[in-house]
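Asker: got a structure for you, letters missing:
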């Protein structure tokens, strides 16, 4: 249990963009954090125009106002864990990094959103460099999928499940801290199981779950990283928090078909545990 949170509900913040459809970004993060027993706060890094099928526009929040949001929140609210989603500019990345250095939250979960589902790069090369240099060293845990892992490592080749330990070790080296963790997501792999690997160069923990045949996977990365952030202050260690988050996400995907949201890749069912008696 994190310092200052004994016998209380942890306060967790998402720093990310807004998806109006609610499947990803801050809205999804707030749902996941709330469903996982935390009080969720949100700092907005970007406004987007998107739905379950497409993104038609992105409007980044100026770095000065991003800083004002963070400082105003932290001046009043005890924050036990921070989840960081997509930051679109070097200035935003540096602003968040400076705030983390000043505020020193115990847990920082970095979901390095850098590659779109279609494979296109979302961040310019200088922003990727800034993320690696400024934010990775401050993270308790990073949660890249395979395309994001390859982007961080400057590689393009396909990766097999057998190569996960090697890839996770190379990512861990980028973090520069012995007590930092890598949660490498295997959703892009083929097979009947959804395989992930948690790694910190001492402990290597595989997580597997039956792959759910559904197109409703919008925001799964946001949901998982937010669940980890919510569970970290409530767990004895990082592996326990990640196990609980993996179980939560698996249920959210399994129950996603109970929702009817949009005509594309629908969201996961963040409140499947609360709503399951209704359906």
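Answerer: Looks like it arrived, so ask away. What you see is a predicted model, and the numbers here were worked out from it, not measured in a lab.
Asker: what bridges to residue 209?
Answerer: Legend: beta-bridge partners of residue 209 under DSSP bridges are residue 194.
Asker: residues contacting residue 235?
Answerer: Neighbour list for residue 235: 241, 244 [criterion: C-beta atoms under 8 Å, 6 or more residues apart in numbering]. In short, each C-beta sits where N, CA and C put it, glycine included.
Asker: Give me the buried positions along stretch 156-169.
Answerer: Within stretch 156-169, the residues scored as buried using 16 or more other C-beta atoms under 10 Å are 159, 164, 167-168.
Asker: mind giving me JSON lines with these and columns for distance to residue 197, secondary structure and pLDDT?
Answerer: Formatted as JSON lines, the buried residues of stretch 156-169 follow (distance: C-beta to C-beta, whole Å; DSSP: H, G, I helix; E, B strand; the rest coil; pLDDT from 0 to 100):
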{"residue": "159", "distance to residue 197": "11", "secondary structure": "coil", "pLDDT": "81"}
{"residue": "164", "distance to residue 197": "5", "secondary structure": "helix", "pLDDT": "91"}
{"residue": "167", "distance to residue 197": "8", "secondary structure": "helix", "pLDDT": "94"}
{"residue": "168", "distance to residue 197": "5", "secondary structure": "helix", "pLDDT": "95"}
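Asker: and which of those residues is nearest residue 70?
Answerer: Closest to residue 70 out of the buried residues of stretch 156-169 is residue 168 (29.9 Å), distances taken as C-beta to C-beta.
Asker: who touches the closest one in this structure?
Answerer: By C-beta under 8 Å, 6+ apart, residue 168 lies in contact with 182, 184, 197, 199, 204.
Asker: Give the buried residues for stretch 187-202.
Answerer: By neighbour count with 16+ other C-beta under 10 Å, stretch 187-202 contains the buried residues 189, 194-200.
Asker: Narrow those to those in helices?
Answerer: If you go by DSSP state H, the buried residues of stretch 187-202 have nothing in helices.
Asker: closest to residue 256 among those residues?
Answerer: Among the buried residues of stretch 187-202, residue 194 lies closest to residue 256 (C-beta to C-beta), at 13.5 Å.
Asker: Helices along the stretch 51-200 of the chain, start to end?
Answerer: Assigned by DSSP state H, counting those that start in this stretch, the helices in the stretch 51-200 of the chain fall at 63-76, 90-103, 125-130, 146-153, 164-175.
Asker: still on that earlier bit, export the buried residues of stretch 156-169 to TSV and tack on distance to residue 260?
Answerer: Below are the buried residues of stretch 156-169 laid out as TSV (distance: C-beta to C-beta, whole Å):
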residue	distance to residue 260
159	35
164	35
167	37
168	37
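Asker: Show me where the stretch 151-279 of the chain dips below the pLDDT cut-off.
Answerer: Applying pLDDT under 70 to the stretch 151-279 of the chain flags the ranges 188-191, 276-279.
Asker: brain fart, the stretch 1-150 of the chain
Answerer: Where the stretch 1-150 of the chain drops to pLDDT under 70, the residues are 1-7, 115-122.
Asker: rerun that using 80 as the cut-off
Answerer: For the stretch 1-150 of the chain, applying pLDDT under 80 flags the ranges 1-7, 114-124.
Asker: picking up where we left off before, out of the buried residues of stretch 187-202, which are inside strands?
Answerer: With strands taken from DSSP state E, the overlap with these comprises 194-199.
Asker: you'd agree residue 44 is in a strand?
Answerer: Yes: counting by DSSP: H, G, I helix; E, B strand; the rest coil, residue 44 is found in a strand.
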